[in-house]
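Q: how would this look folded up:
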Amino acid sequence: MSVLKPCYLSQILIDEQADQQVIFVTEQGGTRRIPIVIGPLEAMAIDRAVKGQRFERPLTHDLFVSLMTATRHKCREVRIIDLKAGTFFAQLVLIGDDGREIALDCRPSDAIALMVRLPDTVLLVAEDVLAEAGS
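A: Prediction:
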């Protein structure tokens, strides 16, 4: 894996008439940003969390946050680690209360939907991915 660069979620584009939405991840202290095409449900989950909207019953990503809390895990970071044939690959890095690290394969959209619910979570993108997809 190449060097990981700190980044942040910089924009969410939602077109309610389209089947796919776009989020943009931007390099901290730099100018490169990558567009990630995601589904409408994931885009809404990210957008609602960013806007602080709450629901009476937990949504899927809220449930996962509750599960992490119940099992004493913290999300240390989200890593976007690869880009193959136009598809981004990510990892969710959890730390247990015993200090053990667990890296879970996931879609960037799910990882970012969790990240925006967990404000201490860092977003990192592989330099190779930034170089290939960044503009």
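Q: neighbours around Leu114, how many?
A: Other residues within reach of Leu114, judged by other Cβ atoms under 10 Å, total 23. All C-beta spots, glycine's among them, are computed from the backbone N, C-alpha and C.
Q: my guess is it is in a helix, correct?
A: Yes - note on Leu114: a helix contains this position according to DSSP: H, G, I helix; E, B strand; the rest coil.
Q: Low-confidence ranges, this structure, go.
A: For the chain, residues meeting the criterion pLDDT under 70 lie at 1.
Q: what are the ranges of the strands in it?
A: Here the chain has its strands, by DSSP state E, at 4-13, 21-27, 33-38, 73-84, 87-96, 101-106, 122-126.
Q: Can you tell me which helices and strands the fourth one packs against?
A: What that stands for is strand 73-84. For strand 73-84, the packing partners by 3 or more Cβ pairs under 8 Å, 6 or more residues apart in numbering; DSSP states H and E come out as strand 4-13, strand 87-96, strand 101-106, helix 108-115, strand 122-126, helix 127-133.
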